[in-house]
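> A predicted structure for the sequence below; I have some questions about it.
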Amino acid sequence: MTVKQLRAFLAVAHTLSFAQACERLHLSQSALSLTIKALEDGLGGRLFSRTTRAVSLTPEGEALLPLARRLLADWDNAEDELRQRFTLKQGRVALASMPSFAGNLLPAVLRTFRDRYPSISVTVHDVINEQVMEMVRDRQVEIGIAFEPEPSTPLTFTPLYTDRFVAVVPADSVLASQAEVSWNALLEHPFITLQRPSTVRVMLEDHLRPRGRQLPVQFESHQLATVGRMVASGLGVSAVPALCRAQMLELGARCVALSDPVIEKPVGILTKPGHELSVAAQAIADALRADTGYPAGCERVVIDGQNLH
């Protein structure tokens, strides 16, 4: 039983005339008769009683009529919904993002996306870097935004920009007036950082360990906002990705360039290999690549001679 056969059946059932049904469907009478015969053969019996003067439904045809109406309505609704999804007139997409990106850069991207596609619903999962990778790998979301994973990670990474860590210091600190601070100078102060297994925390420790340095951690938190408030209150110093600069300033802290060593890491889009993105998810990915609002201290990524932004 095909959609074409059901449409033919309904046309004849509504008009009780093969001639009028042919006009409605723009079919020849022989083509319509063959379509109805194929439907009847497939179902195993006659749906219409035909004489030289009239056409009427058999009891089986009467039973099929409401079912055919419902099936075609469902089909038309599904077809319309998919067409609207392909044209981005409706739909939904879920993405996961590490908090530093979700709380700083993502809102501007989503605002641009909403202005262009107001009928697309977006769900944002604000989770730590490791959970972003897990959610993409397990197909809980189509897109993730995170630091570049290890080469052995079974995910596709599309770089957006390279983020560089900056020092976060109290506004009244002697370090706040400097153009650049070395790690040696920063680590002379009590350190405030995110709790493990935060990727930010692990990255800092991995870069400093070969130089024989350790973070003099006195305060830990799960949230970057809490870290910023602690620094602003004078409890110590910290180091965060440059994309958090505006957030730290809003909390009352100051950001200064960090050197010796410079710690930086690509940030980009994570997807699962072998799984094509939905049209809505692809539109989100395109909006992320087109964004130009990356803050000072972040380098745009150039691929094949073209700036991604």
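Thanks, I have the structure now. Small disclaimer: the values here were computed from a predicted structure and weren't measured. Numbers count the residues shown, from 1 in each chain.
> which residues are contacting stretch 55-63?
9, 12-13, 16-18, 43, 45-49, 65 (Cβ atoms under 8 Å, 6 or more residues apart in numbering). For every residue, glycine as well, the C-beta is placed using N, CA and C.
> Could you identify the buried members of the residues you listed?
9, 12, 13, 18, 47, 48, 65 (16 or more other Cβ atoms under 10 Å).
> which one of those is nearest residue 280?
In terms of Cβ to Cβ, no member of the buried ones among the contacts of stretch 55-63 lies closer to residue 280 than residue 9, at 35.8 Å.
> Now that closest one: which helix or strand?
Assessed by DSSP states H and E, residue 9 sits inside helix 3-15.
> Any idea how far that helix is from the middle of the chain?
Chain-centre distance of helix 3-15: 42 Å, with Cα atoms, centre = their mean, to the nearest Å.
> Show me what it is packed up against.
Packing contacts for helix 3-15, counted by 3 or more Cβ pairs under 8 Å, 6 or more residues apart in numbering; DSSP states H and E, involve helix 18-25, helix 29-43, helix 59-86.
> now the longest one: mean pLDDT?
Averaging the model's pLDDT scores along helix 59-86 yields 84.
> Can you list the buried residues in it?
61, 64, 65, 68, 85.
> Can you lay out these as CSV showing distance to residue 217?
Shown next, in CSV, are the buried residues of helix 59-86 (distance: Cβ to Cβ, whole Å):
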residue, distance to residue 217
61, 79
64, 73
65, 74
68, 70
85, 48
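> ok, back up a step: any chance of CSV for the contacts of stretch 55-63, columns distance to residue 109?
Supplementary listing: the contacts of stretch 55-63 in CSV, determined by distance: Cβ to Cβ, whole Å:
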residue, distance to residue 109
9, 50
12, 54
13, 52
16, 58
17, 58
18, 58
43, 53
45, 59
46, 60
47, 55
48, 58
49, 63
65, 51
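> re earlier: farthest pair within the buried ones among the contacts of stretch 55-63?
Taking Cβ to Cβ, no two of the buried ones among the contacts of stretch 55-63 sit farther apart than 18 and 65, at 16.5 Å.
> By residue count, what's the longest strand in the protein?
Counting residues, the longest strand found in the chain (DSSP state E) is strand 156-170.
> does residue 201 really touch residue 193, like I thought?
Yes - between residue 201 and residue 193 there is a contact under Cβ atoms under 8 Å: 5.4 Å.
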